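S.K.: Next come a sequence and a model predicted from it.
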Amino acid sequence: MKIAVLLRGKQNFSRTTSALFKKMVIEKFPHIDFKFFIHTWNSLPVSPGVNNRLKQKTHHKSVILEKISHWDPILYELSEEKELLNVIKKILKKQSIDQTYHSWAQEQLDSTKKLDLVSPFFIDRSKCKYIKKIDNIMNKPDVNNPNHIDILKIIFSGFYLTGQMYSAMKAFSLYKLYAAQNEYTPDLVICTRPDVVFNLVKGSFDSVIEMLDKTHYGKISNVICSEVMTLKGQAWVQDYAFITDNKGANEFLGGDPVKRLLDLAFNHRARTTGLLDSSGMEVHMLWPILGHKCSFKEAGFFLTTLARREFSENDFTNYSHKKIFLKVNNELTDWFKMNKLSKSYSNKILLSEIKRIIR
């Protein structure tokens, strides 16, 4: 069996999770050939997964490449955040001239008391003139101007909501390039994150293939993840890892990433506008919209979790896993220290982040 693994997003805990993936997946399934394809960014969160996750640090290329190297990828791509920033700006600038949509979204905004994210998909009329000046605001933001701060928050919400999707599609493009040049067709494609830990039993991948064969209406591809539910009338999926076949991966993640995100913003408004009151769950609800050509299925046996949650107390029942962790746990222990000291992000951090990205 052959499995292509698409790793998306920032390489926060790659040293830890790559060692655990080797022990808990590769060694458990020695008959499977795993090939890794990675897209990532030139920065890392200073304290990922906590209130202050906004603050990032741009690293020298060698630092990111060292983290990538633990996965021994077939192909990788390292992008600057300006790349995604330009996509978000395209979405925002197009939103600002669509008055009909603003009126519609504003009605829902008025009925929503609190939004956890200032999403680039929902811009109210009062921000239109500032969206048109977004480049000037980014170059010379005024920390005392609440409209400037709102624009910066919208930008960074865009990074949070679309960054992993963009990265996943870029990783898929790397896989397609390799597949075309090497006549490579895997049995399965996994799209996951560098901070995820898998807990699979023998036969898990055979069960996945069996589930994928049971296609919905005989045409729609299945995408499997550990949890699927309906929340406030919208599909919600656990986004730690998705697994499907080659056809499903192409329908889910294929195509030009920029065009796909623009399509997400403007051709699925009935669904995206319905996420206004999703209470921070929006990112989990955008994945099914991105994969609207697919059917998402829950598989309780396809267990995944985040490294920082699974090992927060260094509590292991499996001694071999504990031995691995003790060798690489400095990545996580540093994070735990930051987590205790972390505070909510400030407007000052917003401004410093903008300067870091555009310089």
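M.R.: Happy to help now that I have it.
S.K.: in terms of contact, does Cys225 touch Leu303 like I think?
M.R.: No - between Cys225 and Leu303 there is no contact under Cβ atoms under 8 Å: 10.7 Å. The way it works is simple: take the backbone N, C-alpha and C, and place the C-beta from them, glycine included.
S.K.: out of the two, which sits in the busier spot?
M.R.: More crowded of Cys225 and Leu303, by other Cβ atoms under 10 Å: Cys225, with 22 against 16.
S.K.: For that one, give me its contacts.
M.R.: Going by Cβ atoms under 8 Å, 6 or more residues apart in numbering, Cys225 touches 237-243, 296-299, 302.
S.K.: Now do Gln234 against Met285, distance only.
M.R.: Relative to Met285, Gln234 is positioned 5 Å away (Cβ to Cβ, to the nearest Å).
S.K.: Repeat that for Met169.
M.R.: Counting by Cβ to Cβ, the gap from Met169 to Met285 is 18 Å.
S.K.: Looking at the two, which has the bigger crowd around it?
M.R.: Using other Cβ under 10 Å as the criterion, Met169 and Met285 rank with Met169 on top: 24 against 21.
S.K.: Val143: what secondary structure?
M.R.: Following DSSP: H, G, I helix; E, B strand; the rest coil, Val143 is assigned to coil.
S.K.: Now the lengthiest strand in the chain: average pLDDT?
M.R.: Under DSSP state E, the strand in the chain containing the largest number of residues is strand 33-41. What strand 33-41 shows for mean pLDDT is 96.
S.K.: With stretch 144-151 instead?
M.R.: Rounded mean pLDDT across stretch 144-151 is 82.
S.K.: Can I get that stretch in PDB, CA atoms only?
M.R.: Provided in PDB are the C-alpha atoms of stretch 144-151 (Å, rounded to 0.1, in the frame of the first residue of the first chain):
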ATOM      1  CA  ASN A 144      -5.400  55.100  18.000                       C
ATOM      2  CA  ASN A 145      -7.800  54.700  15.000                       C
ATOM      3  CA  PRO A 146     -10.300  51.900  15.800                       C
ATOM      4  CA  ASN A 147     -11.100  51.500  12.100                       C
ATOM      5  CA  HIS A 148      -7.400  50.800  11.300                       C
ATOM      6  CA  ILE A 149      -7.300  48.300  14.100                       C
ATOM      7  CA  ASP A 150     -10.400  46.600  12.800                       C
ATOM      8  CA  ILE A 151      -8.800  46.300   9.300                       C
END
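S.K.: List the buried residues of it.
M.R.: Within stretch 144-151, the residues that qualify as buried are 148-151, counting by 16 or more other Cβ atoms under 10 Å.
S.K.: ranges for the strands of the stretch 51-200 of the chain?
M.R.: With DSSP state E, counting those that start in this stretch as the criterion, the stretch 51-200 of the chain has strands at 56-58, 75-79, 188-192, 196-199.
S.K.: now these as JSON lines including distance to Val208?
M.R.: Below are the strands of the stretch 51-200 of the chain laid out as JSON lines (distance: least, Cβ to Cβ, whole Å):
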{"stretch": "strand 56-58", "distance to Val208": "35"}
{"stretch": "strand 75-79", "distance to Val208": "24"}
{"stretch": "strand 188-192", "distance to Val208": "6"}
{"stretch": "strand 196-199", "distance to Val208": "12"}
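S.K.: Could you tell me the least trusted of those strands?
M.R.: Taking the mean pLDDT of the strands of the stretch 51-200 of the chain, strand 56-58 comes last: a mean of 67.
S.K.: about what we covered before: so for Phe252, which of the strands of the stretch 51-200 of the chain sits nearest?
M.R.: For Phe252, the closest of the strands of the stretch 51-200 of the chain is strand 188-192, at 7.7 Å, according to Cβ to Cβ.
S.K.: Quick check: neighbours of that closest one in the sheet, parallel or antiparallel?
M.R.: Sheet pairing of strand 188-192 (DSSP bridges) gives strand 2-8 (parallel), strand 241-244 (antiparallel).
S.K.: for the stretch 251-359 of the chain, which spans come out with low pLDDT?
M.R.: Where the stretch 251-359 of the chain drops to pLDDT under 70, the residues are 269-271, 273-281, 306-359.
S.K.: same thing but 80
M.R.: For the stretch 251-359 of the chain, residues meeting the criterion pLDDT under 80 lie at 268-283, 300-359.
S.K.: go on, the stretch 51-200 of the chain?
M.R.: For the stretch 51-200 of the chain (pLDDT under 80), the answer is 51-60, 94-128, 143, 150, 153-154, 156-157, 160.
S.K.: what do you get if the cut-off is 50, keeping everything else the same?
M.R.: Applying pLDDT under 50 to the stretch 51-200 of the chain flags residues 51-52, 112-117.
S.K.: can you map out the helices along it?
M.R.: For the stretch 51-200 of the chain, helices defined by DSSP state H, counting those that start in this stretch occupy the ranges 61-69, 81-95, 99-110, 128-131, 134-139, 146-182.
S.K.: Throw these into TSV and include distance to Lys10, thanks.
M.R.: Below are the helices of the stretch 51-200 of the chain laid out as TSV (distance: least, Cβ to Cβ, whole Å):
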stretch	distance to Lys10
helix 61-69	9
helix 81-95	10
helix 99-110	30
helix 128-131	27
helix 134-139	22
helix 146-182	8
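S.K.: Quickly compare the ones you listed and say which is most buried.
M.R.: helix 146-182 (a mean of 20; mean count of other Cβ atoms under 10 Å).
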